[in-house]
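[1] fold the following for me, if possible:
(one chain, ligands or ions: 1)
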Amino acid sequence: MPPADGLKRPVIFLGPPGAGKGTQAQEVARIYGVPHLSTGDMLREHVSRGTALGLKAKPIMERGDLVPDEIVLGMVEERIARPDCRNGFVFDGFPRTLPQAEKLDEIITALHLGRPAVLHVIVDANRLIRRLTGRRTCSVGGEIYNLHHRPPKVPGRCDNDGGELIQRPDDREDVIQERLAAYEQLTKPLVAYYRREGVLEDVDGSADAQTVTRRVMGILMRAEAAR
Ligand code: AP5
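    The predicted structure follows:
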């Protein structure tokens, strides 16, 4: 069981597309009762609402490229300043570039949000592609399914709320290759960055989701105990 006084720090899931960041971040946030902050979900919400930010982000996301830092940073800065982030929160898909990581360090220090715990989720490329092409997401609550590993009870419908399950437009194989390339070039350097800061732990993400959650919780609880 996690300690009753909560997480009290930012948790960052770092890893390539399909590593299971969203699946694990949702679960850790649920266990600790803290917000799950996915910059991908925030951006997709802007796209579906047709905001100015969403109109800018849409073609970039459809190509599999990263949205410019200033757009993402503005969104994140506003979100983590809210009171519900005072007891910790779980990032999924952020930070993704060195400038984002450096800015996040500044914000965390200024707001006294605690030393982050960074979980680097490692999964081989073939498995990533299979997971991404099989992914389906609930259009109502955002629950994540997989046609191969975690199918819904009723095909095409969410187990929780019956919402329609949809495939993300960037889960086509050609776009997946672009996203993997963007990860290698722009995001992977963050592994060395956080390792140098002494806050990063590697997690083998190739097992089933429950096993990976147990590994993640083991790391977080050891970090709590050492504090
Ligand atoms: P984002 O939404 O963050 O996508 P991503 O990083 O490409 O990651 P994914 O959501 O594809 O994978 P995941 O690791 O979360 O895996 P999941 O748990 O879903 O970003 C989308 C786009 O937005 C970016 O390309 C970029 O354009 C933009 N963007 C977002 N943040 C940005 C930022 N900070 N800066 C700039 N641009 C940004 O799992 C995948 C599938 O596998 C699911 O079906 C799941 O059920 C299954 N699965 C998960 N774990 C397991 C397991 N252990 N075993 C078997 N199956 C599993």
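[2] surely residue 125 and residue 177 touch.
    No - contact criterion CB atoms under 8 Å: residue 125 and residue 177 do not qualify, at 9.8 Å. Using the backbone N, CA and C atoms, a C-beta is placed for each residue, glycine as well.
[3] show the contacting residues for the closest residue to residue 94 other than its chain neighbours.
    Excluding its sequence neighbours, the residue lying closest to residue 94 (CB to CB, 6 or more residues apart in numbering) is residue 39, at 4.3 Å. By CB atoms under 8 Å, 6 or more residues apart in numbering, the contact set of residue 39 is 72, 75, 76, 91, 92, 93, 94, 96.
[4] among these, which are in strands?
    91, 92 (DSSP state E).
[5] and which of the contacts of residue 39 is nearest the ligand?
    Nearest to the ligand among those is residue 93, at 2.8 Å by CB to the nearest ligand atom.
[6] so who does the closest one touch?
    By CB under 8 Å, 6+ apart, the neighbours of residue 93 are 13, 21, 22, 38, 39, 40.
[7] what's the local residue count around residue 16?
    Around residue 16 sit 22 other residues, with neighbours defined as other CB atoms under 10 Å.
[8] over to it. Which of the three states is it?
    Three-state call for residue 16 (DSSP: H, G, I helix; E, B strand; the rest coil): coil.
[9] one more: the one 10 residues further on?
    Secondary structure state of residue 26, per three-state DSSP, is helix.
[10] burial measure for the residue in the chain that the ligand sits nearest to, as a count.
    As assessed by CB to the nearest ligand atom, the ligand sits closest to residue 40 within the chain, at 1.9 Å. By the criterion of other CB under 10 Å, residue 40 has 18 neighbours.
[11] one more: the one 10 residues further on?
    The local packing of residue 50 (other CB under 10 Å) involves 10 other residues.
[12] if we can go back for a sec, make JSON lines out of the contacts of residue 39 and add pLDDT and distance to the ligand.
    As requested, these are exported to JSON lines (pLDDT from 0 to 100; distance: CB to the nearest ligand atom, whole Å):
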{"residue": "72", "pLDDT": "97", "distance to the ligand": "4"}
{"residue": "75", "pLDDT": "93", "distance to the ligand": "9"}
{"residue": "76", "pLDDT": "94", "distance to the ligand": "8"}
{"residue": "91", "pLDDT": "97", "distance to the ligand": "9"}
{"residue": "92", "pLDDT": "96", "distance to the ligand": "6"}
{"residue": "93", "pLDDT": "96", "distance to the ligand": "3"}
{"residue": "94", "pLDDT": "98", "distance to the ligand": "4"}
{"residue": "96", "pLDDT": "98", "distance to the ligand": "4"}
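[13] stretch 155-169 - what's its average pLDDT?
    Averaged over stretch 155-169, pLDDT sits at 95.
[14] could you pull up phi and psi at the residue nearest to residue 94?
    Torsion angles at residue 39 (phi, psi; degrees, to the nearest 10) stand at phi -70, psi -30.
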